[in-house]
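A.B. asks: Provide a 3D model corresponding to the input given below.
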Amino acid sequence: MSEMPVISADSHIQEPPELYSEWLDTKFRDRAPRREVRDGKTYVIVDGKKPRRVDLADERATEDDQNREFRSDPTGGRDVERRLSDMARDGVVGEVIYPNSSLSLYLSPDPGYQYAVARAYNDWLIQNFDGHRDRFAPVGIVPVIDIPMAVAEVERVAKLGYRAIKVPLTVEKRPYNLPDYEPLWAAIEETGLVLSLHAFADAEDYYPEDWGEEEGVGGALIFMAMSMARGQYPVAELIASGALQRHPDLNFVVVECGAGWLAWLLQVLDEQADKKHMWIRPRLEMKPSEFFRRQGGITFSDDPVALRCLDFVGAETLLWGSDYPHDEGTFPHSQAVIDRTFADIAQADKRKIVYDNARRIYGIGP
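C.D. replies: Model prediction:
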């Protein structure tokens, strides 16, 4: 086991039932995420999202799987002492906390509903971890379906004590390279919040019809892989639009998308910015890769390919995360994964990735 301190820059918490029965505005409570049984099958229902069947997962789960997806934790990670015990078991000293069911909030077509859920969640989450801000960095939810409302929520959560906020990973109908977002980038920069963009949290629904069914056509595997690949979009959009150039103190992190693609994307952006300079606007004062190294970050859990590209992307741009407690994450075997994937990595670079970068960006950890 590694003796280095380790911070997970990507961990999760399950929202409590009372978030929707007590904290949420009464007029939206009947639309809150919930479970429904249809024709003997159990589905999770989320506003704006295709129903997700979940009953077969328990039948297929192995003994090791019981450690994950909060299958053995009825509190959903909300019991801080139990959570700290899990962290000690996994060799983790700090966590950046993302939601579970609210990852899909941005799919709702109703701005009022999106912001009502976001405000309720943001008020509840910061309170849940209020006594442990040295160990946890909760991430607030900010929808972007209405930019003025997004700016107002950024300013509000900054006053609540948040250090980071999450927006959709992608918005196909209004991508992040458009000037519409200038007030939002300015507000995030001014408050000093970290801009997070998490996988599986797009503004459009790409969910496969065959997820969780007895028979499938590969939809789940395709969805998991290509949802992570979508992390390339915000990186390219924030750089190419000049948003990072205009807002040099705007820092962002793309979460749970892996990082093996990062070196290729930055190389392509550098190459095309150079060779197609006569066509490309706005003019960038630095190479795209230099903007990313200055202001960007990527989290990964088990991605040895990303670590083979350190010479190009730089160790200061990568952050490790366990994705606790998701099936695709590393809990409760994080130390074994770190030992395996970092076996040939210099100790100084390893420390940056598993601890120093998260400590610098989020201010947590001993």
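A.B. asks: from here on, just use CA atoms for contacts and neighbour counts.
C.D. replies: Noted.
A.B. asks: list the buried residues for the strand or helix carrying residue 121?
C.D. replies: Here residue 121, judged by DSSP states H and E, is contained in helix 111-128. Of all the residues in helix 111-128, those buried under the rule 16 or more other C-alpha atoms under 10 Å are 113-126.
A.B. asks: what about the strands in the stretch 1-150 of the chain?
C.D. replies: For the stretch 1-150 of the chain, the strands defined by DSSP state E, counting those that start in this stretch cover 7-12, 34-38, 41-45, 52-53, 94-98, 136-141.
A.B. asks: columns mean neighbour count and distance to residue 67 on top of those, output as JSON lines?
C.D. replies: Listed next are the strands of the stretch 1-150 of the chain as JSON lines, based on neighbours: other C-alpha atoms under 10 Å; distance: least, C-alpha to C-alpha, whole Å:
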{"stretch": "strand 7-12", "mean neighbour count": "28", "distance to residue 67": "14"}
{"stretch": "strand 34-38", "mean neighbour count": "13", "distance to residue 67": "22"}
{"stretch": "strand 41-45", "mean neighbour count": "16", "distance to residue 67": "21"}
{"stretch": "strand 52-53", "mean neighbour count": "20", "distance to residue 67": "20"}
{"stretch": "strand 94-98", "mean neighbour count": "25", "distance to residue 67": "18"}
{"stretch": "strand 136-141", "mean neighbour count": "27", "distance to residue 67": "21"}
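A.B. asks: for the stretch 101-250 of the chain, which segments are assigned as helices?
C.D. replies: Using DSSP state H, counting those that start in this stretch, the helices found in the stretch 101-250 of the chain span residues 111-128, 147-160, 182-191, 219-229, 232-240, 243-246.
A.B. asks: how about these in CSV, adding mean pLDDT and distance to residue 291?
C.D. replies: Formatted as CSV, the helices of the stretch 101-250 of the chain follow (pLDDT from 0 to 100; distance: least, C-alpha to C-alpha, whole Å):
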stretch, mean pLDDT, distance to residue 291
helix 111-128, 96, 30
helix 147-160, 98, 23
helix 182-191, 98, 15
helix 219-229, 94, 20
helix 232-240, 98, 7
helix 243-246, 98, 7
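A.B. asks: would you mind giving those helices as CSV with distance to residue 203 added?
C.D. replies: Output for the helices of the stretch 101-250 of the chain, formatted as CSV (distance: least, C-alpha to C-alpha, whole Å):
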stretch, distance to residue 203
helix 111-128, 11
helix 147-160, 14
helix 182-191, 17
helix 219-229, 12
helix 232-240, 13
helix 243-246, 20
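A.B. asks: next, the residue of the chain positioned farthest from its centre: secondary structure please.
C.D. replies: For the chain, the residue at maximal distance from the C-alpha centroid (C-alpha atoms, centre = their mean) is residue 278, at 35.6 Å. Reduced to three states with DSSP: H, G, I helix; E, B strand; the rest coil, the structure at residue 278 is coil.
A.B. asks: before we move on, the earlier item: dump the helix holding residue 121 to CSV, keeping only the CA atoms.
C.D. replies: In CSV, the C-alpha atoms belonging to helix 111-128 read as follows (Å, rounded to 0.1, in the frame of the first residue of the first chain):
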residue,chain,number,x,y,z
PRO,A,111,-35.9,25.7,-15.8
GLY,A,112,-37.9,26.2,-12.6
TYR,A,113,-37.6,22.6,-11.6
GLN,A,114,-33.9,22.4,-12.4
TYR,A,115,-33.1,25.4,-10.2
ALA,A,116,-35.5,24.4,-7.4
VAL,A,117,-33.7,21.0,-7.1
ALA,A,118,-30.3,22.6,-7.4
ARG,A,119,-31.0,25.1,-4.6
ALA,A,120,-32.4,22.4,-2.4
TYR,A,121,-29.5,20.1,-3.0
ASN,A,122,-26.9,22.9,-2.5
ASP,A,123,-28.5,24.0,0.8
TRP,A,124,-28.6,20.4,2.1
LEU,A,125,-25.1,19.3,0.9
ILE,A,126,-23.0,22.0,2.4
GLN,A,127,-24.9,21.6,5.7
ASN,A,128,-24.3,17.8,5.7
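A.B. asks: packing partners of it?
C.D. replies: strand 136-141, helix 147-160 (3 or more C-alpha pairs under 8 Å, 6 or more residues apart in numbering; DSSP states H and E).
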